[in-house]
Every structure is written in C-alpha cells, then in structure tokens.
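> 3D model of this:
(2 chains)
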Amino acid sequence: MSEAAAGNGAAPGGLEAVIGLEIHVQLATATKMFCSCALSFGEPPNTHTCPVCLGLPGSLPVANARAVHFGLMIGLALGSELAPRSIFHRKNYFYPDLPKGYQISQYDEPLCLGGALGEVRIHRVHLEEDAAKLIHVGASGRIHGSDASLVDFNRGGTPLAEIVTEPDLRTPEQAGEWLRLLRTTLRALGVSDVNMEEGSLRCDANISLRPAGSGQLGVKTELKNMNSFRFIERGIKAEIARQAKVIETGGTVVQETLHFDPDSGAITSLRSKEEAHDYRYFPEPDLLPVTIEPAMLEQARAAMPELPAQRAQRLTAELGLSEDSARALAFRGELAPYFEAALAAGADPAPEPQALANWVTVELLPRLQDGEDPGGSRVAPAALAELVGLVGAKRVSVGAARQVLDRLVSDGGDAGAIVEQEGLGAIGGGEELEAVVAAAIAANADAAERVRQGNAKAIGPIVGQVMRETKGRADGTEVASLINAQLGV
Amino acid sequence: MITRDEVLHVARLARLELSEDEIEPMARELSAVSDYVATIAELDLDGVPPTSHVVDISGALRADEPRECLPREEALDQAPSAGEDGFLVPSPQAG
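Below is the predicted model:
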C-alpha cells in the first residue's frame, strides 16, 4: 500500500479508525534501571556493563530510586492512580538483545493506573529496562562464516517508562498532535530528553478500523517503533489505508506486528504468526515489591513543574490569549518560553500579547526548519517583540513586517534597524500613498470600472499594484479604503 | 498432562532443539512438575492473595549513583564469540 493512495488521515468508506499508542520513554537518570552502570550516550560499545546488565549468573538487580521517582512524577502529571505497591515481572522472550532471556518489566501490578492527558485516557504507566542494541556487522568468519550481529549492552538496562493510552485517538493527525503534547509534558517534567531521533522517545501504535460510530473494536495491528512525528502520522495513515483496502475487498484484517518503512511508505509484517506474543510473565523473584512511602510521594509532588495544560490556562487567564493560541504555544515545549521571553523583553512599543502569539505561531514557526526550536533560531525574542510592537503601532505594515521577519530568520539582528536600512517604514495617510493609489487606478482602468459598478472583489489587482509599488510598506486595509474613496464607492 | 505440542512450542520459544527421543521424556518430566505444583489447588485459598515474593519486605531501592563498570575485555572474556568491541551472535534476521 503506497502512501499516495492513503489520501488524508480519515478512514474512508464509512469506516472509523481506532488508535491507541504505547510510548517508551527513556528516563534521564544517572544510572541504569537495575544496576549502577552510568547511562551511555554514544560511548564505545560495551563500555557500560556489569554482571547485572550482562545477565551473568549470581548477579542481583536492585531498582533505581530515581526511576521510581520519575515514574511517580509521570503518574502525577497524567492524573494516574499511583499504586501503593507494585511488582516487577519477567517478560520472557528469546532474542540476542536480552542477555537473561527475559526483560524485567511490570505486568498486572504497574506503578500507575488510569489517568488522562487532554482528551486521551491513559491505561497505565509502568517501569521496565531497555534492551541492548544489535548492530549488523555482515559476514563474520567467527560464526561459521554466516551473517553476524554485534551486541552492544551499553543501552541494555536503561530505565524506561512505558505509557499506554486507551484507544481514544481517531486520526493520524490527532495522534501526532497528542504525542507532541505528551512530549512537551515529559520535557516540562524533566524526566527524559524526549528526543525521538535519538530513541529516547519511541512510539508504537495499535490501529483498527470499525464502522463509524460503532462501539465494537475491530482486529488491531501494531505498528512498531516509529521515530519521528512525521513518520508516526504517515505510518498510521498508510496502515489505515491498508486495512481499509483489505476490508473493502472482502478480506479480514489479521492481528500482527508491522513495520513502516518511511522511505518507501511500505508496511511489512515484522514477526510471523508462530512467534505471536507468548511472554509467560511471572513475578521477578529477584526484586522486591516497590512500595510508595509517603515521603516519596511528597518528593514527587514537590518536584512537579507547571505543566503544559496549566500553562495554556494561565496564558488565557492572565494575558487574554485565545484558547487555540494558548494551546499552540503551551503544547509545544519551545514555544511558550520563547513567547514569554519576547513579552518580557521590554520592547518599545510593546507588542499586544495576542498579536505576538499569532506572530510566533503563524509567521515565525512556518519560516523555521522543520522542528527547529525558535529559541535556537536567529530571531531573538526581543527582535520579534519589537517588530510586532511596530506593527501594532502602525509604524510598519503587516506585509513589510513579514519581509523584516524573513531577514531576521536568515540573518538575525534588530527589527527596528532592518526597517530603517531597508526603508520599510509604513507609508500611510500622506500624499505619497494617495499618488501611488491614483497611479494604480489609472493603470487598471478595467478593474476600477468594475469596482465602480459594485464588484468589490475586482479591487484585487489595484491593491496588488499599490503593494508592489510600495514594496508592501502600505497597510492593506488603508490602501483598500483609499482606492474606494478615490473611486467614489 | 503436558502434550507433545506444548513441549515443542515452549522449546521453540526458548530456541531449544529437541531430538525426537527427547520430546516424550520432557513431556513426562514437565507434567510431573506441573502436577506437583497443582497439589496447591487442593487447599481452600479463597481470599488469599498470590505470593509473588517469599520474603515479606519491600521498598529496597538503590540510590541513582554510578559505580565503575566492567572493563570491556573482562566483559567480553567469557563470550563464546566476541569481536574487539562486542559480543558476536548469529544475525537474528538471517535466522
């Protein structure tokens, strides 16, 4: 199934997609989940190991207190019920990235149960250890000349929180949007680097289709390990289209684990049916149950920062931003701090908060590279604040301000200085603009005639010419009223 | 009674190769273990929570403080197959 055939995100033909997400979050602890090896960031392979994370006989795991602390903070942020007692289980499967033949995870008594983030309910949050990394090294004479992989145990045992949602999402776009909110929330908590490209935030999606409005759930497939927001939306989109085609041609969707290839847009089956999940969970006898003491809970509560949802509310309540703007700023981690820095920059004239919010989300963001943090761009918060202030005071037109912003994005600098250098200050009210308008009317006699006859839309070419002549320095609304005045309508 | 198919299933999950004459004895031995554990079902255990751990303590956590790791040579020393910087295994994709 190609992506092109997938069209937009909605499921076709009266079908509705039901999407749930499983998110693995690498926790930003100093050491691994069950041993005292420091976490590794690109160090040479197998330099961060010990008998515990190598699964050597006789070694005993002990859970990391900070990982539990971070788990509690995540639970508090999601409004989960925090289990006073939770236990670890062994999840058994045989793969070279697991030295013990099992992963230590949590099963039916996880750290956090229930909760919600935005409109999506949370099923559970549990702690577990990450697997090692397999690096394909090609043919090796050492293993009978067959293809070999190198196992790097540096990552093995890294603490993970797995967050599982209820199947409350309906479209790929909604899933991407919600995941951004989750990432911002986790970043605000400081529990993870939440860097998808580096694998500290990984997402699987469970996807099924059903007749729109039905309360039943269809057969689901699991789309594994997508490592960017773009791939997640595209992958879910492609899988919805694939299932829809299966159903429309009279087939049945088979429960399986799938891989989305972002290069080709193809979806392939990851594991054969014979290897269907049979993890034979049982309680990990080597680890004691985790009990949450009141002091731990207090510590987690005390560490809670302002969360994106609260920040959005504050921006609306204190600054009068529209709810959409407040969410657009607060739900993307980098935007709200940038916005607040701009607002506090003491620009003269001071920008109006809603106008500044619009310029950040509607003008600045699309001008940056995909995913670039405005704080890391050349546009200083104070420069944007000054520009928006100048627009508000009608000293720069919107069109000219866009040109100034282009310059700020490419070269940085000072908004007022660019306006001076480029002669982009607003022209308005004076004879200069009147003259340009008169010339534009004369040059577009046909259009002028139609405006006189009551066709208001015909004004477009005349406004366009004025804008070209003034290099966008004139205010569009003012130009339109001048034209109408000169035409006597 | 543990069946022949169950033995083969579990063996495959554990990537164990059983010869034909090992299967039946394995089924018998696993059944004996399973039957022994099943004697617990003779007790009335209504309202008794499952015992997940035999020691009645909990909450032993470790401070998040790094300690020295194994030198790589030592870590790799006992591996059946190792390169300079890592453990070598048959490629799972080729499996």
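
> which stretches in chain B count as strands?
Ranges of strands in chain B, per DSSP state E, are B:87-90.

> is there a neighbour count for the closest residue to A:Asp97 other than its chain neighbours? I'd like the number.
The shortest distance from A:Asp97 to any non-neighbouring residue, by CB to CB, 6 or more residues apart in numbering or on different chains, is to A:Ala131 (4.0 Å). Every residue, glycine included, has its C-beta placed from N, CA and C. Burial of A:Ala131 is recorded as 20 neighbouring residues (other CB atoms under 10 Å in any protein chain shown).

> what sits against A:Ala131?
Taking CB atoms under 8 Å, 6 or more residues apart in numbering or on different chains as the criterion, A:Ala131 is in contact with A:Tyr95, A:Asp97, A:Leu98, A:Gln103, A:Arg155, A:Gly156.

> next up, the contacts around the last one.
For A:Gly156, the residues meeting the contact criterion (CB under 8 Å, 6+ apart) are A:Thr49, A:Cys53, A:Leu54, A:Asp97, A:Leu98, A:Pro99, A:Glu129, A:Asp130, A:Ala131, A:Ala132, A:Lys133.

> beta partners for the last one?
Legend: beta-bridge partners of A:Lys133 under DSSP bridges are A:Asp152.

> hmm, it is touching A:Asp97, no?
Yes. Under the criterion of CB atoms under 8 Å, A:Lys133 makes contact with A:Asp97 at 6.9 Å.

> shared neighbours of these two, which are they?
Common neighbours of A:Lys133 and A:Asp97 (criterion: CB under 8 Å, 6+ apart): A:Val151, A:Gly156.

> just send the contacts of A:Gly156 back as CSV, with pLDDT and secondary structure too.
As requested, those are arranged in CSV below (pLDDT from 0 to 100; DSSP: H, G, I helix; E, B strand; the rest coil):
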residue, pLDDT, secondary structure
A:Thr49, 97, coil
A:Cys53, 97, coil
A:Leu54, 97, coil
A:Asp97, 92, coil
A:Leu98, 93, coil
A:Pro99, 94, coil
A:Glu129, 98, strand
A:Asp130, 97, coil
A:Ala131, 96, coil
A:Ala132, 96, coil
A:Lys133, 93, strand
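
> what is the nearest of the residues you listed to chain B?
For chain B, the closest of the contacts of A:Gly156 turns out to be A:Thr49, at 4.9 Å, with distances computed as CB to the nearest CB.

> how about the contacts made by the closest one?
Counting by CB under 8 Å, 6+ apart, A:Thr49 touches A:Cys37, A:Phe153, A:Asn154, A:Gly156, B:Cys69, B:Leu70, B:Arg72, B:Ala75.

> take those and keep only those in helices.
B:Arg72, B:Ala75 (DSSP state H).

> what is the burial count for the closest residue to A:Pro61 other than its chain neighbours?
Of all residues not flanking A:Pro61 in the chain, A:Phe34 sits nearest, at 3.3 Å (CB to CB, 6+ apart). A:Phe34 has 24 neighbouring residues, counting by other CB under 10 Å.

> again with A:Val125
A:Val125 has 26 nearby residues by other CB under 10 Å.

> so it sits against A:Thr165, correct?
No. The pair A:Val125 / A:Thr165 is not scored as a contact, 10.3 Å apart, by CB under 8 Å.

> got a list of what the residue positioned nearest the centre of chain B touches?
Using CA atoms, centre = their mean, the residue of chain B that lies closest to the mean C-alpha position is B:Ala14, 8.3 Å off. Taking CB under 8 Å, 6+ apart, we find B:Ala14 in contact with A:Phe94, A:Gly101.

> ok, now how distant is it from A:Pro61?
Counting by CB to CB, to the nearest Å, the separation of B:Ala14 from A:Pro61 is 21 Å.

> quick one: name the residues of chain B near chain A.
Proximity of chain B to chain A, by CB under 8 Å from any CB of the partner chain, involves residues B:9, B:12-15, B:52-55, B:57-67, B:69-70, B:72, B:75-76, B:81, B:83, B:85-94.

> let's see 7 Å
With CB under 7 Å from any CB of the partner chain as the criterion, chain B comes near chain A at residues B:13-15, B:52-53, B:57-67, B:69-70, B:72, B:75-76, B:81, B:83, B:85-92, B:94.

> list only buried entries from these.
With burial judged by 16 or more other CB atoms under 10 Å in any protein chain shown, the buried subset of these is B:13, B:52, B:61-62, B:64, B:69-70, B:72, B:75-76, B:83, B:86-91.

> got any ranges where chain B has weak pLDDT?
Per-residue confidence for chain B (pLDDT under 70) gives these ranges: B:93-95.

> and the helices in it, which stretches?
Listed in chain order, the helices of chain B (DSSP H) span residues B:4-13, B:20-38, B:72-77.

> on that earlier part again, in contact with the residue nearest to A:Pro61: list those residues for me.
A:Phe34 is in contact with A:Val52, A:Pro61, A:Val62, A:Ala63, A:Ile104, A:Glu129, A:Gly157, counting by CB atoms under 7 Å, 6 or more residues apart in numbering or on different chains.

> who in the stretch 51-200 of chain A is up against chain B?
Near chain B, the residues belonging to the stretch 51-200 of chain A are A:54, A:62-66, A:68, A:85, A:87, A:94-96, A:136, A:140, A:142-143, A:146-152 when assessed by CB under 7 Å from any CB.

> touching the one helix or strand A:Leu223 maps to from outside, list them.
Per DSSP states H and E, A:Leu223 falls inside strand A:221-226. Outside strand A:221-226, the residues within contact range by CB under 7 Å, 6+ apart are A:202-207, A:232, A:235-236, A:239, A:253, A:255-260, A:270.
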